[in-house]
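1. what's the 3D shape of this:
(2 chains)
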Amino acid sequence: MMTPVDSSAAISARAATVDTPLPDDAIVIDGLHKQYGRIEALRGVSLNVRRGEIFGLLGANGAGKSTLIGVLVGSSRPSAGTATVLGLNPVSQARTLRHQVGFMPQAPALYEDLSPRDNIRFFGRAHGLDNLECRIDDILTFTNLRDREHDLVYGFSGGMKQRVSLACALVHRPALLLLDEPSAGIDPKLREAFWHHFRELASTGVTLLISTHQMDEALQCDRLAIMRNGVVLACDTPKNLLRGGRSVVRVWRDDQAEVQTITQYPEQLPLLLQRYGLDPAIRRIEIEEDTLETVVLDLIDARATPTTSEMEAGHAGDA
Amino acid sequence: MQAMLSRTAAIARRVLRQVLRDRRFLALSIMAPLLIIFLLKVFFDSLESPFFKPTEFIIPVGAFVVHFITYVLCAIVLVRERTAHTLTRMFVNGYRPVEIIGGYVLAYTVLATVQALLVLTELSLLFDLGYSIGTLLSLYLVIWLLAVISIALGIFVSNFARNEGQVFPFIPLIILPSVFLSGLLISVDRLPTWAQWLGRVTPLFYANQVVQNLIKPGGALSDNWAVFAGLPIYGIVVLVLATRTLHEWD
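-> Below you'll find the predicted structure:
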C-alpha cells in the first residue's frame, strides 16, 4: 500500500516562512531578473543570506547559479529587481563592496605563468593592504600551499589551482565569500579539505555563498536554495528540505511487508506505528528516507514541462 | 589618486614579469622587426637600380613594421585576460578600467622603448643613413610614440573581441588603411580628398608626415610641431576610448 504525498508543495510552503529577511542579512535579493537578449537567466529570484552562515546554491548546469553570483559581485548588472550585499548595492556601490567581498570563479582565473605567491600578491595589491606579504604567508599556510609557493601555476593540478584561486579570494580577509563551484573537478580528499577551510572561515564570522551541483556538498551548508532555470524552487536548511521528502516505511508482520509512505517522519512515524500497538507479530521495521537528490528531483518534477524560454534560459544560465 | 597609481603600477609590474618570462613573445616582438628589416635590406640590395633609393623611405617602412608588430601583439592581450576570466577577477578585486589600460600600456612601453631603439639602430647601420644625432633622436621619439600608440590601439580593439578568433578581423581594419592612406606607398597629396581624411584616422599618417620632413636635408622636429602634435593627441584619444569601452560588467 503506497500513500501518495506532495513533498515539493510541503517544502515550498515551509521555505516561504523560513526565508524572511533580517535587517543585518549579508545578502538580500528581491525579485532579481537577468536577461541576455531573449534569454532570461534569472527569473525573479528572491532570497536572503544570514551573516556568518554557509549558504548553498544547488542546481544543475544552467540553473542560474553563476549568473546570480555574477550579479552579487557586480560583474553582471541585473535587468530588474534589487540585490543588497553587506548593505551595499553591487552596481552603484561596487567600489566599496569589492574590498569586502572575496570571489572565487568557477574557472581558476589565475596567471599560470606566475607563482601562487605572485598571483596572490597581484590580487592583494588591488585592495591596498598593509602587511601584504604577511597576509600572503598566512593565506599560503591556510591553503597548504607553502611548499609550492614559488612554482609556476602552469604545472599545477586542477585541485592545486583551485587552492590558489581560493587563496586569491581570501587574501584581503573578506566578510563575504562567494564561491562558484569551488570543488568542481577536484578529488574527494581535497574537497573535504576545502570544506574544512569553509567551516573554519564561517566560525570566524565570514559569510559564505557556495554554488554547487554536488548533493554531498549541499548537505554541509547551513541553508540551501535549490535553483532551476533561473528560479529558486525552495530555500531551507538541508534537514528541513529532507524532512519534506518521503519516507517509505516497511512494517514486517510475520512474513508480510506492509509499505507506507509518509512525509516528515519524526512526527508521522509515531502516529503510523500506533496503529500496530505492541503486536508481537511485528518482527522488523525498515525506514527508507528520500535522499536530497530525490527531494530535488521531486521539486523539479513538480515544476516539470518547462516552456521554451525556460529551456533557453537553462542553456544560458551559467554563461 | 595614490591608490590608483599604485594599482596601475601593480598591473604594469605583473604584465612586465609575464612578458619577460614569455621568451617566444619577447623574441617575436623584438626580433621579428629586426629580421624583417634585415630581409628588406637584402631585397633592396638585390635590385641594384640607380633610380631606386631605399634610404628615402626605409625609415617610414621601419616605423610601419614597428607599428604593425606592436599592434598585432597587443591586440590579443585583453582577450587573453577575458577568456582566462582574470579580467573579471581583476574587476571584482577592485582594479578599474583606467588602471588596467594604464598598467598594460606602461608595461608594453618598456618593451616598445627597447624595440624602437633597436629598429632605428639597425636601420641606421644597415642602410648607412648618416643622420645627425639630433635627427636620430627626433626619429626615435616619433617611432617610440608610434609604438606606444600601437599598444593603445591594440588594447582598444581587443576590447571588442570576446575570443582570440574575433581579433583577426580587426588587424586588416587598422593595418590596410595605414599602408594605403598614410603616405607610406603613395603621397597623401595624390590621394582623393576623402582618402586623405580617412588617412588621418591612422597613427601612421602623423608619424609618416613627421618622418618624411625629418629625413629631408635640414629637417628638424622644431619645424614640424604641428604635425608631430598629432601623435600624442592621437594616443590620448585612443587611450580614452580604450578606457571608456572596457566595461566592468556584461
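
2. Next secondary structure element downstream of the longest helix along chain B?
-> Counting residues, the longest helix found in chain B (DSSP state H) is helix B:97-126. Downstream of helix B:97-126, the first helix or strand assigned by DSSP states H and E is helix B:133-158.

3. Mind giving me the packing neighbours of that next one?
-> Secondary-structure packing of helix B:133-158 (3 or more CB pairs under 8 Å, 6 or more residues apart in numbering or on different chains; DSSP states H and E): helix B:58-74, helix B:77-83, helix B:97-126, helix B:170-181, helix B:203-214, helix B:230-245. Backbone N, C-alpha and C define where each C-beta goes, glycine included.

4. That one: which residues count as buried?
-> B:135-136, B:138-158 (16 or more other CB atoms under 10 Å in any protein chain shown).

5. what is the mean pLDDT for the longest helix of chain B?
-> Mean per-residue pLDDT for helix B:97-126: 93.

6. Which other helices and strands does it contact?
-> Here helix B:97-126 touches helix B:2-21, helix B:32-47, helix B:58-74, helix B:77-83, helix B:133-158, helix B:230-245, going by 3+ CB pairs under 8 Å, 6+ apart.

7. Run the angle between the fifth one and helix B:32-47 for me.
-> On the basis of axes from the mean of the first three to the mean of the last three CA atoms, to 10 degrees, helix B:133-158 is oriented at 120 degrees to helix B:32-47.

8. ok now helix B:133-158, how far from the chain's centre?
-> The chain centre lies 5 Å from the centre of helix B:133-158; the measure is CA atoms, centre = their mean, to the nearest Å.

9. And for the shortest one?
-> Taking the mean of its C-alpha atoms, helix B:77-83 sits 19 Å from the chain's own mean (CA atoms, centre = their mean).

10. okay, it in CSV with CA atoms only?
-> The C-alpha coordinates for helix B:77-83 follow below in CSV (Å, rounded to 0.1, in the frame of the first residue of the first chain):
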residue,chain,number,x,y,z
VAL,B,77,46.3,40.9,-24.6
LEU,B,78,42.9,41.8,-23.1
VAL,B,79,41.2,39.0,-25.0
ARG,B,80,43.5,36.6,-23.2
GLU,B,81,42.6,38.1,-19.9
ARG,B,82,38.9,37.9,-20.8
THR,B,83,39.0,34.2,-21.9
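
11. for that helix, packing partners?
-> Checking 3+ CB pairs under 8 Å, 6+ apart, helix B:77-83 ends up next to helix B:86-92, helix B:97-126, helix B:133-158.

12. likewise the first one?
-> Using 3+ CB pairs under 8 Å, 6+ apart as the contact criterion, the neighbours of helix B:2-21 among helices and strands are helix A:116-125, helix B:23-26, helix B:97-126.

13. Try it again at 7 Å.
-> Applying 3 or more CB pairs under 7 Å, 6 or more residues apart in numbering or on different chains; DSSP states H and E, we find helix B:2-21 packed against helix A:116-125, helix B:97-126.

14. buried stuff in the first one?
-> The neighbour-count check on helix A:116-125 (16+ other CB under 10 Å) flags A:116-125 as buried.

15. so where's the stretch 151-300 of chain A shaky on pLDDT?
-> The stretch 151-300 of chain A contains residues with pLDDT under 70 at A:278.

16. For it, which segments count as helices?
-> Counting by DSSP state H, counting those that start in this stretch, residue ranges of the helices within the stretch 151-300 of chain A are A:158-170, A:188-203, A:215-218, A:238-243, A:265-274, A:292-302.

17. contacting residues around the last one?
-> Outside of helix A:292-302, the residues that reach it under the criterion CB atoms under 7 Å, 6 or more residues apart in numbering or on different chains are A:7-8, A:11, A:58, A:215, A:218-219, A:226, A:228, A:233-234, A:238, A:241-242, A:244-245.

18. Let me know the closest of the residues you listed to residue A:31.
-> If you rank those by distance to residue A:31 using CB to CB, residue A:233 comes first, at 16.0 Å.

19. what number of residues lie near the closest one?
-> Residues near residue A:233, counting by other CB atoms under 10 Å in any protein chain shown, number 22.

20. just residue B:250 next, same as before
-> 12.

21. That one contacts residue A:76, doesn't it?
-> Yes - shown here, residue B:250 and residue A:76 form a contact pair, counting by CB atoms under 7 Å, at 5.3 Å.
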